[in-house]
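Chemist: Quick one, fold the following:
(chains A and B)
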Amino acid sequence: MKHSFIDQYCDLDSFIHRLDPRTKFVASLAFILAVLLTPAGKWWMFVFYFLIVLGLLIFSRLPPTYALKRSLAVIPFVLLIAIFIPFFKEGEIAGSYNIWLWKISVTYSGLFVLANVVAKAWLCILCLILLSSTTKLTELLRGLQQLGVPQAIVLILSFMYRYIFVLMDEAMRMQQAYQSRDIGGSLLRRLKTFGNMIGALFIRSYERGERIYAAMVSRGFDGQVRILNPLRLKGADVFFGVVFGVLLMSPYIILLVQ
Amino acid sequence: MHIPDGFISAPVAVGGVVVAAGAVACAVKVTNRGLGEKQVPLMGVLAAFIFAAQMLNFPVAGGTSGHFMGAALAAILLGPWAGLLIMTCVLLVQCLVFQDGGLLALGANVFNMGIVGCFLGYYIYQGVTLLMGNKRVVVLVAGGIAGWAAIVVAALFCALELGISGTVPLHVVLPAMGGVHALIGIGEGLITAAVLALVLATRPDLMRLGSQRA
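Modeler: Predicted coordinates:
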């Protein structure tokens, strides 16, 4: 089975890839917060933030179509929001349509909310794509631990990451076996089969977990995991952090001055 | 139901992060007390299990397909705190690797699917089996209701967060999300019951894990 879709471009080499995972994580959080706090209708700010993330994407040498394709993941949610736009009753009406028996009218205020939400969501997901495709998950987890995330969570996550591939293989094999023998039948019957698959997967996973634990204990595991060479912030991280921080803040400073 | 960044306002997102972080810190302590050093490998593998189970698609009518959330199932089998820990790890990896759900919105997602999904599912299951006894039928029905309710109430909280953020009008989104997920939840409920039936038939000892460690 193929799992190349995980960590696909983390092995590229660029200025962004070489930054400390902590720098990238904190910068991403700051970027998302800055975008979320942008007042509605300040389009020049959205353009400014888009240019920042676009510049970083170019710097990181990711294939542009990849980032674009990945960012389409927000579309289902955009559609969900779009369905509710006609229900914003207040404000001037932009257009009304007769669909079968319903008269649907769309107001400018509804479209305004939609445009703002889509702009924010798209900028945030581009930033998240940049973070996750320039940082290996194992590196990111080490960064998170040094940022104060409890060790237990980080360890569980790194175990999970190791076994995702194993269990996904198992799940995909089951699905393949099921699909090649599937003779249809009622939805209820299919759901029952599906439940059996998940149940079998659960029991196998649980037993695997116990075997892993036994193997670890027999090799001297005492609940602690010791890490060699902890991460160190470099000059490039400080430089990037300062420049990025100033860039993020500058639109707000302009807003305050105005 | 994975809310991406941008759909909920900054105060709602940050509020979600604070609540979720507190609950998860508590979950780490509680499961560590129950499992000790076994916590890390077991929770890690079971989080990978929920992740893999969510990747399986089952065909629904009309060419669409659905997948399983598993919060109620994890809570019933392993207890609500362990369930919360597992769901948090699943959501974190989905966010960081697949951009499924936002980074700052992660708090809200953990709240909806982890805290609400696990605790509601667990207590409904415990309540029903306590009242009606521990017979096989009761266990399956209780599991089904728990799975259904976890989906519906998680969706209602998701709608509430979107409404408070001003992204959608609350009075419309609440009944709409509730209604749609009342249908989707039927699938989740039936699958939860089917999984419990299989575990009950093959490894009934695993059914008691949740109540031991509550």
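Chemist: Pull up the gap between the residue lying closest to A:Cys10 once chain neighbours are set aside and B:Leu91, please.
Modeler: Counting by CB to CB, 6 or more residues apart in numbering or on different chains, the nearest residue to A:Cys10 once its immediate chain neighbours are dropped is A:Lys136, at 4.6 Å. (C-beta placed from N, C-alpha, C; glycine too.) Plainly put, A:Lys136 is 20 Å away from B:Leu91 if you go by CB to CB, to the nearest Å.
Chemist: Which of those two has more residues huddled nearby?
Modeler: Shown here are A:Lys136 and B:Leu91; by other CB atoms under 10 Å in any protein chain shown, B:Leu91 has more neighbours (25 against 15).
Chemist: Hmm, A:Val154 and A:Gln146 touching each other?
Modeler: No: here A:Gln146 does not reach A:Val154: they are 9.5 Å apart, not a contact under CB atoms under 8 Å.
Chemist: Contact partners for the residue lying closest to B:Ser9 once chain neighbours are set aside?
Modeler: Take B:Ser9 and drop its neighbours on the chain: the residue closest to it by CB to CB, 6+ apart is B:Ser165, 4.0 Å away. Each residue near B:Ser165 by CB atoms under 8 Å, 6 or more residues apart in numbering or on different chains is listed here: B:7-9, B:12.
Chemist: any idea how far B:Ser165 is from B:Gly117?
Modeler: Taking CB to CB, one finds B:Ser165 at 21 Å from B:Gly117.
Chemist: per-residue confidence for residue 88?
Modeler: No chain specified, so I'll use chain A. In this model, A:Phe88 is scored at 65, pLDDT.
Chemist: oops, I was thinking of chain B
Modeler: 94.
Chemist: you'd agree it is in a helix?
Modeler: Yes: in this structure, B:Thr88 lies within a helix as judged by DSSP: H, G, I helix; E, B strand; the rest coil.
Chemist: My understanding was that it contacts B:Ala25; is that so?
Modeler: No: checked against CB under 8 Å, the pair B:Thr88 and B:Ala25 is beyond contact range at 10.6 Å.
Chemist: Looking at those two, which one has more neighbours?
Modeler: Shown here are B:Thr88 and B:Ala25; by other CB under 10 Å, B:Thr88 has more neighbours (27 against 14).
Chemist: With B:Asn32 as the reference, measure out to that one.
Modeler: For B:Thr88, the distance to B:Asn32 - CB to CB - is 14 Å.
Chemist: Please enumerate the helices of chain B.
Modeler: B:10-35, B:39-55, B:71-78, B:80-98, B:106-109, B:117-132, B:136-164, B:170-202, B:209-212 (DSSP state H).
Chemist: Deepest in the core, which of those helices is it.
Modeler: helix B:71-78 (a mean of 30; mean count of other CB atoms under 10 Å in any protein chain shown).
Chemist: Show me what that helix is in contact with.
Modeler: Counting by CB under 8 Å, 6+ apart, A:198, A:202, B:46, B:50, B:82-84, B:86-87, B:113-114, B:117-122, B:124-125, B:143, B:146-147, B:149-150, B:154, B:188, B:192, B:195-196, B:199, B:206-207, B:209-210, B:213 sit against helix B:71-78.
Chemist: what residue is smack in the middle of chain B?
Modeler: B:Ala71 (2.4 Å; CA atoms, centre = their mean).
Chemist: In chain B, what helix or strand scores lowest on average pLDDT?
Modeler: Counting by mean pLDDT, DSSP states H and E, chain B has its least confident helix or strand at helix B:209-212, which shows a mean of 61.
Chemist: helices and strands around the helix or strand containing A:Pro76, which ones?
Modeler: Element membership for A:Pro76, per DSSP states H and E: helix A:75-84. If contacts are counted by 3 or more CB pairs under 8 Å, 6 or more residues apart in numbering or on different chains; DSSP states H and E, helix A:75-84 sits against helix A:108-134, helix B:170-202.
Chemist: can you list the ones you listed in CSV and add distance to A:Leu72?
Modeler: Shown next, in CSV, are the helices and strands packed on helix A:75-84 (distance: least, CB to CB, whole Å):
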stretch, distance to A:Leu72
helix A:108-134, 9
helix B:170-202, 22
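Chemist: Mind checking those helices for the one nearest to A:Gly41?
Modeler: helix A:108-134 (6.9 Å; CB to CB).
Chemist: Below-threshold pLDDT in the chain: ranges please.
Modeler: I went with chain A, as the question did not name one. A:1-7, A:86, A:88-105, A:227, A:229 (pLDDT under 70).
Chemist: You answered for a different chain; I wanted chain B.
Modeler: In chain B, residues with pLDDT under 70: B:58-66, B:209-214.
Chemist: Looking at A:Gln146 and A:Val154, which is more packed in?
Modeler: Neighbour comparison, A:Gln146 and A:Val154: the larger count goes to A:Val154, with 21 against 16 (by other CB under 10 Å).
Chemist: Domain map for chain A?
Modeler: As given by automatic domain parsing, the domain ranges for chain A are A:12-147+A:232-258, A:150-227.
Chemist: Adding distance to B:Val138, write those domains out as JSON lines.
Modeler: Formatted as JSON lines, these follow (distance: least, CB to CB, whole Å):
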{"stretch": "domain A:12-147+A:232-258", "distance to B:Val138": "36"}
{"stretch": "domain A:150-227", "distance to B:Val138": "17"}
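Chemist: Give me the nearest residue to A:Gln145, chain neighbours excluded.
Modeler: A:Val154 (4.3 Å).
Chemist: which stretch of helix or strand covers the one you found?
Modeler: Using DSSP H and E, A:Val154 sits in helix A:151-181.
Chemist: Any buried residues in that helix, and which?
Modeler: A:152-161, A:163-164, A:167-168, A:170-172, A:174-175, A:178 (16 or more other CB atoms under 10 Å in any protein chain shown).
Chemist: go on, stretch A:29-40?
Modeler: Neighbour counts over stretch A:29-40 (16+ other CB under 10 Å) mark A:30-36, A:38 as buried.
Chemist: re the thing from before, identify the residues contacting the residue nearest to A:Gln145.
Modeler: A:141-142, A:144-145.
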